[in-house]
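Chemist: Here is a sequence with its predicted model. Questions after.
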Amino acid sequence: MSNVVELLAKDLNGHGGVFCPNPKADMALWNSHPKVYLDVAKTGSAKCPYCGTVYQLKAGEHVGGGH
C-alpha cells in the first residue's frame, strides 16, 4: 500500500521536483532510504522507486512553463 502525497506548486524545487524521503510524506527514520530526486512537474506525479510513495500535484496546481 503506497502513500500518496499531494503537493502545491510551491512545494516543488526550481527544477519542478522533490526529494524522497520528504517531510511531507511523514516518514519515520526506520523506513528511510537513500535520497532520490523525483521529477513531478513533467507528468504531474512521480513515484519513488524505493518506497513507492507517490508525489502528485494537487488538482488545479500548475508549474510555471507548463503547456
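Modeler: Looks like it came in fine.

Chemist: residue ranges with poor pLDDT in this protein?
Modeler: Counting by pLDDT under 70, the chain shows low-confidence ranges at 1-2, 29-31, 65-67.

Chemist: Quick check: residue 23 vs residue 11, distance?
Modeler: In this view, residue 23 and residue 11 are 10 Å apart by Cβ to Cβ, to the nearest Å. All C-beta atoms are positioned from the backbone trio N, CA, C, and that covers glycine.

Chemist: Which one's more surrounded, those two?
Modeler: Each of residue 23 and residue 11 has its neighbours counted (other Cβ atoms under 10 Å); residue 11 has more, 16 against 7.

Chemist: quick one: contacts for the more buried one?
Modeler: Contact analysis of residue 11 by Cβ atoms under 8 Å, 6 or more residues apart in numbering lists 18, 24.

Chemist: Quick one: the strands in this structure, in order.
Modeler: For the chain, the strands defined by DSSP state E cover 4-7, 17-20, 36-39, 45-47, 54-57.

Chemist: Compare those strands and report which one is nearest to residue 63.
Modeler: Closest of the strands of the chain to residue 63 is strand 54-57, at 7.2 Å (criterion: Cβ to Cβ).

Chemist: Which neighbours in the sheet does that closest one have, and how are they oriented?
Modeler: Applying DSSP bridges, strand 54-57 is found paired with strand 4-7 (parallel), strand 45-47 (antiparallel).

Chemist: tell me the phi and psi of the nearest residue to residue 50 once chain neighbours are set aside?
Modeler: Nearest residue to residue 50 in three dimensions, chain neighbours excluded: residue 33, at 3.9 Å (Cβ to Cβ, 6 or more residues apart in numbering). Torsion angles at residue 33 (phi, psi; degrees, to the nearest 10) stand at phi -150, psi 180.
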